[in-house]
Structure formats: C-alpha cells, structure tokens
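Enquirer: quick check, what structure comes out for this input:
(2 chains)
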Amino acid sequence: MTDISSQRLNKIISNPPWGATLEIKGWLKSKRDAKDFSFLDVGDGSCVQGLQVIADSSLANYQSEIKKLTSGCSLRIVGVLQKSPAKGQSAELIAQAISVYGWADPDHYPLQKKRQSFEFLRTLPHLRGRTNSMGAMIRIRSRLSYAIHHFFQERGFHQIHTPVITTSDCEGAGEMFTVTSLDLDQLMASPAQQVDFSKDFFGQKAGLTVSGQLEAETYAQAVGNVYTFGPTFRAENSNTSRHLAEFWMVEPEMAFCDLEGDMDLAEELLQYLVADILASCPEDLGLFNSFVDKGLLARLATMQEPFQRLTYSEAIDHLLASKQPFEYPVSWGIDLHSEHEKYLTDSLFHGPVMVSNYPKGIKPFYMRLNDDCKTVAAMDVLIPGIGEIIGGSQREERLDILQQRMADGGVAEEEYQWYIDLRRFGTVPHAGFGLGFERLVLFITGLSNIRDVIPFPRTPGSAAL
RNA sequence: UCCUCGGUAGCUCAGCUGGUAGAGCAGGUGACUGUUAAUCACCCUGUCGGGGGUUCGAAUCCCUCCCGAGGAGCCA
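Expert: Numbers count the residues shown, from 1 in each chain, chains lettered A, B, ... in the order given. This is a model prediction of the structure:
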C-alpha cells in the first residue's frame, strides 16, 4: 500500500495521471454487469463527472461483494488509471482492489440512478446532496460564498459579524422571530395578558436579525467600508419559490459613498460573481444549462453588459407607455409589483435593471431624502426570472431630516438613540445594500425553487433536521 | 394569508361519465453485451393523503383537514 496517492476525482479527471496507481473513495452511482466484469460508476462529490471503474472477476471479492453492489454503496478502490477504449469517458480505473465501507440496501435506499424530481429530493434533505444536481448546486454555492469574501477583501472591505440575536428591528424588513428563554408552558398557564420581557434572558425583547444593516452602519462610520454576510431571519408567512424564513444576506456598507457609488458597487459585485463562477465552475454550470435551464448560459452572458439604469419615475413612464394590461394599475407613487418588474427585465430591457429614487412613502425612514423632497435615494436591482435581488440606498446622514422621517413614520426615537448618535457625532454620507444570497444562487444555477439552493431550507411549516 | 392545480406501487404517472387498480422506471432472478439512465425475458410491489358523508357499491361524487406545486401579496 505504498506508492499510492488518494485523490479526489476532480483532480484525476482534469489532469489524468495516466498509468499511475491511484486510490479513490466515493459512492457508487450505478453499476453495469458484464459476464466476467462490471462497470462501476463512482462519484465522490468533487465534480459532476464520476470515474468509470473496471472490476473484473479476478478480484478476490468479485462474487461475494462486487456483484452485489448497488447505488449508494461507499467504496475504496485502488487501481491503475488508463485511457478508456469506449465512448463516454476519457479515463477509467482498472481496479486492483475494492473494499466496501458501507452498503446501501436497495430495497430502502431512496435515491435511484435515474433522474428524480427536485420536489421528491426535497423530502430527503439528508441524502439529496449525493445527487448530481444538488452536488453541483452546493459546489457553486460554496464557491460563490468564497468569491463574495474575496471580492470585498481585495477591495479593502472589513467583514463585520453583526449579531444574529438583536434588539433592534430593521424597519420595513419583515416580521422578527422572538428569542426567549422564558418558560412558554408556564407563561401560557399564567393569567397575565402581557409578557414581561424585562424578566427574559436579555432583560428586553429580543429577536433574530432581519438585517445586519443598521449595525453595519456603525462600523462603516468607524473603519470605512464594511460588509456582513450571515444568516437572516424573517417570520413572514411567505409561501413562494423565492422566499425563505432563514436565508443568507450580503450587506456592504460604505462610508463617504452616495447612491451612484452604491449602484456601481452592486453592478461590479454581480458581474464579478457571475464571471468568477463561469470561470471556476464550468462543468457544474454546464449541467444546469443542459438539464435545468437551456437558456442559462445565455442569460448569464447578459450580466456582462452594463446594467440598465433608470429612475423610478422613468420606470413608471415606461410602464404607462407599455399599454400592458397590468393587474395592478400603474401610477406614480405605487410600489412596483412582480408583473411590473418582470415587464422591465424580461420584456423591455432583456437583462438586469437598476431602479432608483423611489417615492419616500413606500420606503423606510433611514433612506436619504432627495432634494425634491418626494423621493429617497433608494435603488433596487431587478434581474430576469427572479425580480429583486438587491435592495439598497444612500442612508440619511442629516440629523434633523432623519428625526423628521422617524416622526413621520411613527418610529420611536428612544429605540434608535444609538442610530441617531451616529448622526450627532461625525456623521458622514454613506450607502449600502442587501444582496439575497439564495436568490443569487437561483439566478446562477437556473434552478427555479429557492428551497433547492440551500441545503436545509426553512419555510413556514417546514424545518427538517 | 389568498387564488389555481395536484396527492394512486420505492420513483414518474395513467385510470373517461361511480362496479374496490395498471404502465414505465427502480428492485429480485436469469440471459446477453466495452457498458454509458445499457438491452431482453420472467417475478415482486399498493390502508388509491387522513377523516366524514352520499350510494347496493367510491381511487372516481360531496364536505373537511393535512401535505405539495405554480401564481399573488410581503421582501432579499
């Protein structure tokens, strides 16, 4: 057992060490038996492709074990890598020894070697990662996560670990999950009508974060450019293919930055990430382009063009001029609905669209009031098939105007004293945005349900594992 | 939460206007083949989502609940 290197399949397949004796470890994807030998398709999760292993009857355990192997069995194989004489693969491993780590009883193992629906795989969150498509998804997801950190780090952004448990609500972001250590059984049994959170673990009401933005702003005004990338929670009863109760969000925040700079960063980030995945995961993307969404690569290519930029008012004009029979009538002041966003991205511009300067009435208090006093310096990035993937704004840095906006919106100043302090002491113009990580993975894989781009999706009524 | 469509074998589905179920794949056995979601033959598989109702009789009709999908709202 000397002179053997255990290697992962992606290395072997991309740069085959012809004639070398190799050790591989993985799971059997499928097996085809011939009279005196078997073809084993073995995968180890490192790439889409498996390696074909030739196991012939001279192996000591051929009759006792090899012939009984079924999909899902885990194996260690030592063999010699050769060029394959048949079509379908360039390399194959001529097995010298095969040992079985674990069997997978075919009467009960739910994964089959044929294609299975994403809907069915969703019922097997502990096993679906072994499929080609989920493996490709997770490799792309992992690489995107890495690329996001790389993008920000090489531009001098500092990562801020904003709290998962928080006592401040990011207004307008959605319903919070309450975090408590109170005994709920006892609470329900007591006659008290009101929960006394001063008796709770933190001495006040706390919840899971709906956004790290407000906390990130504090450090943007300390160390310059920052970003957060962490789990985010929304207790909304949303049952759609684009919403999760627990998702990951990327939120950069930049000091001395205005809305233009914010939009520039958003565009640069998305283009960088698409280019990175095209370069680093071509086989995984190829799988999705072939089996999930034939137009995927073409659509990703549209991301390399400059994004269409228009103001909310211009968007409204386009929608009014479209003569489309919208279910929600269009007029200045409405929030854009899905059908409006789809028209802009899919029908009018056929690519990503950035809409800026929304009416102040439909946006939260912290967005910077424009000189027209009617709009705020907000921006959304809309992309084909998904809709809103980024929402951001320049923040209101002027103390008096911020206080006025809070009063208008019925936001209690006492609860945001620290946020107001940032405007009282050395305030600076600053801006940022939130990028929905799973929506990005949806867009880049071409998958259609957000539950298939996160390993363990949490949605209303569902939190398996 | 609302609207629409679904839930039948391990999976994907068929089963028209009521007469208690079937095909492909998977699995098993055998044959055959440098095979590629291999091929051929044979075999096995079901509380027809749960509960209630109508009927002589319900997978099929009605009510209700649960679950899933698509769309909407909310947003990332």
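
Enquirer: please enumerate the helices of chain A.
Expert: A:9-14, A:118-121, A:132-154, A:184-189, A:213-223, A:259-280, A:282-291, A:296-301, A:312-322, A:338-342, A:399-409, A:417-424, A:437-445 (DSSP state H).

Enquirer: can I get those in JSON lines with distance to A:V195 and mean neighbour count?
Expert: Where you see a C-beta, it was placed from the backbone N, CA and C, and this is true even at glycine. Below are those laid out as JSON lines (distance: least, CB to CB, whole Å; neighbours: other CB atoms under 10 Å):
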{"stretch": "helix A:9-14", "distance to A:V195": "53", "mean neighbour count": "17"}
{"stretch": "helix A:118-121", "distance to A:V195": "39", "mean neighbour count": "14"}
{"stretch": "helix A:132-154", "distance to A:V195": "37", "mean neighbour count": "18"}
{"stretch": "helix A:184-189", "distance to A:V195": "7", "mean neighbour count": "9"}
{"stretch": "helix A:213-223", "distance to A:V195": "24", "mean neighbour count": "21"}
{"stretch": "helix A:259-280", "distance to A:V195": "39", "mean neighbour count": "18"}
{"stretch": "helix A:282-291", "distance to A:V195": "47", "mean neighbour count": "17"}
{"stretch": "helix A:296-301", "distance to A:V195": "49", "mean neighbour count": "16"}
{"stretch": "helix A:312-322", "distance to A:V195": "40", "mean neighbour count": "17"}
{"stretch": "helix A:338-342", "distance to A:V195": "37", "mean neighbour count": "18"}
{"stretch": "helix A:399-409", "distance to A:V195": "25", "mean neighbour count": "16"}
{"stretch": "helix A:417-424", "distance to A:V195": "24", "mean neighbour count": "15"}
{"stretch": "helix A:437-445", "distance to A:V195": "32", "mean neighbour count": "24"}
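
Enquirer: ok, of those helices, where does mean pLDDT dip lowest?
Expert: When the helices of chain A are compared by mean pLDDT, helix A:184-189 comes last with a mean of 81.

Enquirer: list the contacts of that helix.
Expert: Outside helix A:184-189, the residues that touch it by CB atoms under 8 Å, 6 or more residues apart in numbering are A:V195.

Enquirer: show me where pLDDT drops low in chain A?
Expert: A:1-5, A:170, A:172 (pLDDT under 70).

Enquirer: how is it divided into domains?
Expert: Following automatic domain parsing, chain A resolves into domains at A:5-114, A:130-175+A:210-452.

Enquirer: residue most distant from the centroid, chain A?
Expert: For chain A, the largest distance from the centre (CA atoms, centre = their mean) belongs to A:S58, which lies 48.0 Å off.

Enquirer: RNA strand B contacts on the stretch 201-350 of chain A?
Expert: Applying CB under 7 Å from any atom of the strand, one finds that the stretch 201-350 of chain A approaches RNA strand B through A:211, A:234, A:236-245, A:247, A:249, A:328, A:335, A:337-339, A:342.

Enquirer: picking up where we left off before, how about the helices of chain A, which one is nearest A:D169?
Expert: Within those, the stretch nearest A:D169 is helix A:213-223; the backing value is 9.0 Å (CB to CB).

Enquirer: now the angle from that closest one to helix A:417-424?
Expert: 40 degrees (axes from the mean of the first three to the mean of the last three CA atoms, to 10 degrees).

Enquirer: residues in contact with helix A:213-223?
Expert: A:158, A:160, A:162-163, A:166, A:168, A:170, A:226-228, A:251-255, A:366, A:395, A:418-419, A:422, A:426-428, A:430, A:432, A:434.

Enquirer: about what we covered before: do you know how far the residue farthest from the centre of chain A is from A:G79?
Expert: Counting by CB to CB, to the nearest Å, the separation of A:S58 from A:G79 is 12 Å.

Enquirer: and if you look at A:L442?
Expert: Going from A:L442 to A:G79 by CB to CB gives 39 Å.

Enquirer: so what's the nearest residue to A:F202 once chain neighbours are set aside up against?
Expert: Once flanking residues are discounted, A:F202 sits nearest to A:T167: 6.7 Å by CB to CB, 6 or more residues apart in numbering. Residues in contact with A:T167 (CB under 8 Å, 6+ apart) are A:F202, A:Q204, A:K205, A:A206, A:G207.

Enquirer: which residues of the stretch 1-150 of chain A lie near RNA strand B?
Expert: Residues of the stretch 1-150 of chain A lying near RNA strand B (CB under 7 Å from any atom of the strand): A:30, A:32-35, A:39, A:41, A:52, A:54, A:70-71, A:84-89, A:92, A:106-107, A:110, A:112-117, A:119-120, A:122.

Enquirer: show the buried residues in those.
Expert: A:S30, A:F39, A:D41, A:Q52, A:I54, A:S71, A:E92 (16 or more other CB atoms under 10 Å).

Enquirer: using JSON lines, lay out those residues together with distance to A:S313.
Expert: Below are those laid out as JSON lines (distance: CB to CB, whole Å):
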{"residue": "A:S30", "distance to A:S313": "58"}
{"residue": "A:F39", "distance to A:S313": "64"}
{"residue": "A:D41", "distance to A:S313": "58"}
{"residue": "A:Q52", "distance to A:S313": "60"}
{"residue": "A:I54", "distance to A:S313": "67"}
{"residue": "A:S71", "distance to A:S313": "58"}
{"residue": "A:E92", "distance to A:S313": "63"}
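
Enquirer: these two touch, right, A:F291 and A:S133?
Expert: Yes - if you go by CB atoms under 8 Å, A:F291 and A:S133 touch, sitting 7.1 Å apart.
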